[in-house]
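Enquirer: kindly generate the corresponding structure for this input.
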Amino acid sequence: MTKHDEYPIGSEELLEETRAQIGDEVLAELLAMAPDTIEGHINNLHEAIKAQDSDALYLSAHTIMGTASSMFATRLASVAKEIENLSTNTGAVLALLPTLEKTAAETISWWQSKMATA
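Expert: Just a heads-up that it's a prediction; the model follows:
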């Protein structure tokens, strides 16, 4: 268990508030796009670690955090924020990648379950 586990995978409350504002169809479209963004930036993190590029680490973590936050994924946003804060320490980021990847997979499953109801 990590400190990020105190956060739910996603905020049901925020998702439902957004659904009420924008409707099922638009919400489903947004939920369908989010996984590709997250997965692409996780790949970018791997490349940035190999290159020891702290700027690229920061940018990818920041994008993951922003996408996760805007798509109700509280735990993923928390992990990405920690990586963003550690972006000058590639060893620390590398140690957190398994947590990020696991959380991303859980988040994507959660999003997919919400698309089925959208």
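Enquirer: and L45, what does it touch?
Expert: L57, S60, A61, I64, I83, V93, L97, L100 (CB atoms under 8 Å, 6 or more residues apart in numbering). C-betas here are computed from N, CA, C, even on glycine.
Enquirer: now whichever strand or helix holds T67: mean pLDDT?
Expert: T67 belongs to helix 54-70 when assigned by DSSP states H and E. Taken as a whole, helix 54-70 has a mean pLDDT of 97.
Enquirer: who touches that helix?
Expert: Contacts to helix 54-70, defined as CB under 8 Å, 6+ apart, come from residues 34, 37-38, 41-42, 44-45, 47-49, 73-74, 76-77, 80-81, 83-84, 87-88, 90, 93, 100, 104, 107.
Enquirer: give the buried residues for that helix.
Expert: For helix 54-70, the neighbour count (16 or more other CB atoms under 10 Å) marks 54, 56-65, 67-69 as buried.
Enquirer: thinking again about what came up before, restricted to buried residues, select the contacts of helix 54-70 in ChimeraX.
Expert: Here is the ChimeraX command that picks out the buried ones among the contacts of helix 54-70, judged by 16+ other CB under 10 Å:
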select :34,38,41,42,44,45,48,49,73,74,76,77,80,81,83,84,87,90,93,100,104,107
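Enquirer: which ones among the contacts of helix 54-70 lie within helices?
Expert: Assigned to helices by DSSP state H, the following of the contacts of helix 54-70 qualify: 34, 37-38, 41-42, 44-45, 47-49, 74, 76-77, 80-81, 83-84, 90, 93, 100, 104, 107.
Enquirer: by mean pLDDT, flag the weakest helix or strand of the protein.
Expert: helix 90-117 (a mean of 92; mean pLDDT, DSSP states H and E).
Enquirer: the inter-axis angle of that helix versus helix 54-70?
Expert: Here helix 90-117 runs at an angle of 30 degrees relative to helix 54-70 (axes from the mean of the first three to the mean of the last three CA atoms, to 10 degrees).
Enquirer: and I9, helix, strand or coil?
Expert: coil (DSSP: H, G, I helix; E, B strand; the rest coil).
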